[in-house]
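Undergrad: This is the structure alone, sequence omitted:
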């Protein structure tokens, strides 16, 4: 009797263990598959030219951009004159062939040239103005395309706003998206010294295949979501994933002192999904061009 009872108890325990194991396996597989289906995939850090994988524009949710302050973050930049056959970016700001670019793209050049995207032609450019205290330069060609529209009113810019940067990083067509972090004081040393109020942006996406430095994007336009140019891309901080653009005051001062009257039309709303196509069109229409420097050195 005792032996039979123990066998029955053992069989019952074995069956219970089997049921528990089967139940656990079912629960794990069920909830595991549900989590994997509902889990949002991480946002891609790159985007393809065909624009797949991007949502629309991100709403502006932050506070208004504050005025410059002595408490702003600081970035130290080692300035150098443009090297022989170095390249950067410029963009049209007036119908008479006037272009904005970064000072470090044009300073120290014996000759400046502008290339179209297909590299099929080059046009000589002349240096018109170098800002003494900002990374801003104005160059001119004989005639030019329809210019881009500038919006130098920073009173309605919000922290977290989207930025759209177009140009020729690493000497190739490319674009980058970003979100505004805030103001930053750029302290320059080297070929020239100065302190300049700038805007800092966190990089959120870039052209597929564009790895490493964004060198060559300098001098290119930084657009807001409405399609207005709000600054010039002038520097990057790869360690912190930041892009630096000029503040409106730097561009305003350069235009005022040089006597250049900027004119143009906005490109229309920009979104992450359509930005690669818009950037390609800007380069194809020669509103954003590559600048080549032949240095005196």
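TA: Arrived safely. Note that this is a predicted model, so its numbers are computed, not measured.
Undergrad: isn't there a strand covering residue 289?
TA: Yes - per DSSP: H, G, I helix; E, B strand; the rest coil, residue 289 lies within a strand segment.
Undergrad: Pairing partners for it in the sheet, please.
TA: Note on residue 289: beta-bridge partners by DSSP bridges are residue 90.
Undergrad: which residues does it contact?
TA: 89-92, 99, 114-117, 283 (Cβ atoms under 8 Å, 6 or more residues apart in numbering). Heads up, the C-betas are built off the backbone N, CA and C, glycines and all.
Undergrad: From residue 188, how far off is the closest residue in space to residue 237 that isn't next to it in sequence?
TA: Among residues not flanking residue 237 along the chain, residue 75 sits closest, at 6.2 Å (Cβ to Cβ, 6 or more residues apart in numbering). Computed as Cβ to Cβ, to the nearest Å, the residue 75 to residue 188 distance reads 9 Å.
Undergrad: one step back: wait, the residue nearest to residue 237 sits on residue 200?
TA: Yes - Residue 75 is within contact range of residue 200, at 7.5 Å (criterion: Cβ atoms under 8 Å).
Undergrad: What ranges does the stretch 151-297 of the chain have for its strands?
TA: 162-167, 174-190, 194-207, 221-223, 229-237, 242-246, 288-295 (DSSP state E, counting those that start in this stretch).
Undergrad: Tell me which of these sits nearest to residue 264.
TA: Residue 264 lies closest to strand 229-237 among the strands of the stretch 151-297 of the chain, at 8.1 Å (Cβ to Cβ).
Undergrad: How far off centre is the closest one?
TA: Distance of strand 229-237 from the chain centroid (Cα atoms, centre = their mean, to the nearest Å) equals 8 Å.
Undergrad: For it, list every residue counted as buried.
TA: 229-236 (16 or more other Cβ atoms under 10 Å).
Undergrad: Over to stretch 108-128?
TA: Using 16+ other Cβ under 10 Å as the test for burial, stretch 108-128 gives 108-109, 112-115, 117, 123, 125, 128.
Undergrad: what does stretch 257-267 give?
TA: Neighbour-count burial for stretch 257-267 [16+ other Cβ under 10 Å]: 258, 260, 262-264, 266-267.
Undergrad: Lowest-confidence member of these, which is it?
TA: Taking pLDDT as the measure, the buried residues of stretch 257-267 have their low point at residue 266 (85).
Undergrad: Looks like that residue contacts residue 230 (just checking).
TA: No - the pair residue 266 and residue 230 does not pass the contact test of Cβ under 8 Å, sitting 11.0 Å apart.
Undergrad: Residues that sit against both of these two, list them.
TA: Shared contacts of residue 266 and residue 230 (Cβ under 8 Å, 6+ apart): residue 151.
Undergrad: Do you have the strands of the stretch 1-150 of the chain handy? List them.
TA: Under DSSP E, counting those that start in this stretch, the stretch 1-150 of the chain gives strands at 46-47, 73-79, 86-94, 98-101, 109-115, 122-130, 137-140.
Undergrad: Can you lay out those as TSV showing mean pLDDT and distance to residue 251?
TA: Listed next are the strands of the stretch 1-150 of the chain as TSV, based on pLDDT from 0 to 100; distance: least, Cβ to Cβ, whole Å:
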stretch	mean pLDDT	distance to residue 251
strand 46-47	36	28
strand 73-79	88	18
strand 86-94	96	9
strand 98-101	98	7
strand 109-115	93	19
strand 122-130	95	11
strand 137-140	98	10
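Undergrad: Among those strands, which comes closest to residue 249?
TA: Across the strands of the stretch 1-150 of the chain, closest to residue 249 is strand 98-101 (Cβ to Cβ), at 14.4 Å.
Undergrad: Sheet-wise, list the partners of that closest one with their directions.
TA: Sheet pairing of strand 98-101 (DSSP bridges) gives strand 86-94 (antiparallel), strand 137-140 (antiparallel).
Undergrad: Minimum distance to residue 182: which of these has it?
TA: Proximity to residue 182 (Cβ to Cβ) singles out strand 86-94 among the strands paired with strand 98-101, at 24.2 Å.
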